[in-house]
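Student: What would the 3D arrangement of this be:
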Amino acid sequence: MKKLMYAPAVAIAVSSLCLTTPVTVLANDDTAVVETNDASTAETTQQTNEVTTQQDQSQYTAPNHVETEVTDENKQGSSIDYESTFWFLTTKDHVDITADDVEADKTLKDISSDFGSFGDEKANNLVIKGDLSIAKSGEDAYDTQDQDTHQVEKNSTYNLKADLDVSQITNTINGMSKMVGNSDSVYVNNLETGMRATFSKDKDLEGTFYIPSSEAEMNEHYQLVSTDGKPLIYKINYQKSTFTPDKVTIIMDLDLSKMTALANAYPYADANHKQLYGEGNTIENFNHTEDEYGVAYQTSVFGNLKNLINKGAQSMSMFIKDIVINDAHRATDDPNTRQGSFIGTLTGYFKANTGHNRSKGKVSFTWGAMHKVEGKDSTQKEGDHSISLTVHVKDEPNQPEQPEQPEQPEQPNQPEQQTAAAQTPNQVASQQVQNQGVQTGVEDGLVSPAIAMMAASAGIMTLLKKRKDQE
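Tutor: Down below sits the predicted model:
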């Protein structure tokens, strides 16, 4: 293929016009100010600044239409398409790789003969993997419950962690470059990419996902992090994500703002374009107008795309925090235990136009994650590759019965009071007064002194009469 060369003067001119980061110009104290009562002037200035800021930020990302490009959010596997046109001859290559192909340990050429030397790649290396684990809110030890279901407490909050292996995106980009001669110098333009993750509960699990009321709460409860130390080149788009009690959908855009400096892979790049990304360097998002190609061609090439993908994070984790679990309803062998499951998905896509001189092409692929073999849900049946995690709610055990106390030997009844014959006259009189007080409802059993004297006299007269009768 012929090398594409440009006159230095043209390259420098286009570079200064097209690739320099726009700078917002603000009025200083010396600027002439015309007083006016029309508020539209200030509003126009604010809108201009907002547009400039959006333009500044747009170079750090790329269009994302994952909702329409990958309509099946439960997709498992990868679909790869490559179209090439040379003069008037067009060839098209397509393959669908399923989770079953991965399990069967197939290669790409076992599934399709269209991909040349790329066909030696294992299907396992071209399908994204994921895994769910759980921990109680505030705790750091996450359980993937591959050995047994995870026991949870009723009406308590838990965090989910989704571990995502996206190295298969890198493998696909690298593999497709094998199909293009001199691929480092092939231009790449009109790039689109994005991902979507969903988290839901099955019908047996009763609970609610956290519903954030502000972006600060979104950041706190839904987080995406790199887990291999490499820059994270995707970010959560909170405005396009949705949060409901039963399901959460997270949209992720390309994010080049954290990418570290990379050497330019284009072998003919001039001195102004030896470094990409990082502070002060060109930010290449592989989206340019036709008249920008004079210099954009030096950065918007397949070699730089491969560098970006290879140097970005290959593994990442998403945290979904403070999910309330109330109960579960799936019956188990233990009548006191019920189960329910969380279900996660990850889908995404990438597509771009490519070309070199008379050759033009289109590359695209879509993906849907399957469950990692390690850490697979302990309740999943053979052939089920969905990303799920099962918990069980166990009833509180019944309180153990108290041991029976040994019987105590019966004690002889103790008379509550002495019989009248054994009582002194004063005791008899006092008892009669107490009884009378209770029967008549006198408060606290108290009686007047007069009644007490009358009762005592009656008792003495009764005793005197008995003695006389005995004589």
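Student: in this structure, which strand has the most residues?
Tutor: The residue-count maximum for a strand in the chain (DSSP state E) belongs to strand 337-356.
Student: Going by contacts, tell me the helices and strands next to the next helix or strand after that one.
Tutor: Sequence order places strand 359-368 as the next helix or strand after strand 337-356, per DSSP states H and E. Counting contacts by 3 or more C-beta pairs under 8 Å, 6 or more residues apart in numbering; DSSP states H and E, strand 359-368 is packed against strand 77-86, helix 167-177, strand 337-356. For glycine as for every other residue, the C-beta is placed from the backbone atoms N, C-alpha and C.
Student: redo that, cut-off 10 Å
Tutor: With contacts defined as 3 or more C-beta pairs under 10 Å, 6 or more residues apart in numbering; DSSP states H and E, the packing partners of strand 359-368 are helix 66-69, strand 77-86, strand 89-98, helix 167-177, strand 187-201, strand 337-356.
Student: Give the buried residues for it.
Tutor: By neighbour count with 16 or more other C-beta atoms under 10 Å, strand 359-368 contains the buried residues 360-368.
Student: now swap in stretch 113-132 and tell me
Tutor: With burial defined by 16+ other C-beta under 10 Å, the residues of stretch 113-132 counted as buried are 114-115, 118-119, 121-132.
Student: Average pLDDT for that stretch, rounded please.
Tutor: For stretch 113-132, mean pLDDT rounds to 94.
Student: same deal with stretch 282-291?
Tutor: So the average pLDDT for stretch 282-291 ends up being 91.
Student: Of all the residues in that stretch, which ones are buried?
Tutor: Under the neighbour-count rule (16+ other C-beta under 10 Å), stretch 282-291 has 282-288 buried.
Student: Then stretch 151-160?
Tutor: For stretch 151-160, by 16+ other C-beta under 10 Å, it's 152, 157-160.
Student: From the residues you listed, which land in strands?
Tutor: Those of the buried residues of stretch 151-160 mapping onto strands are 152, 157-160, per DSSP E.
Student: Of those, which is the nearest to residue 211?
Tutor: When those are ranked by distance to residue 211 (C-beta to C-beta), residue 157 comes first, at 13.2 Å.
Student: who are the neighbours in contact with the closest one?
Tutor: The contact partners of residue 157, taken as C-beta atoms under 10 Å, 6 or more residues apart in numbering, are 136-138, 207-208, 210, 321-325.
Student: Which of these fall within strands?
Tutor: Members of the contacts of residue 157 lying in strands (criterion: DSSP E): 136, 207-208, 321-325.
Student: sorry, back to before: now tabulate the buried residues of strand 359-368 in a markdown table and tack on pLDDT.
Tutor: Shown next, in a markdown table, are the buried residues of strand 359-368 (pLDDT from 0 to 100):
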| residue | pLDDT |
| --- | --- |
| 360 | 88 |
| 361 | 89 |
| 362 | 92 |
| 363 | 92 |
| 364 | 94 |
| 365 | 95 |
| 366 | 98 |
| 367 | 98 |
| 368 | 98 |
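Student: Turn those into TSV, including distance to residue 386.
Tutor: TSV is the format used below for the buried residues of strand 359-368 (distance: C-beta to C-beta, whole Å):
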residue	distance to residue 386
360	39
361	34
362	31
363	28
364	25
365	21
366	18
367	15
368	10
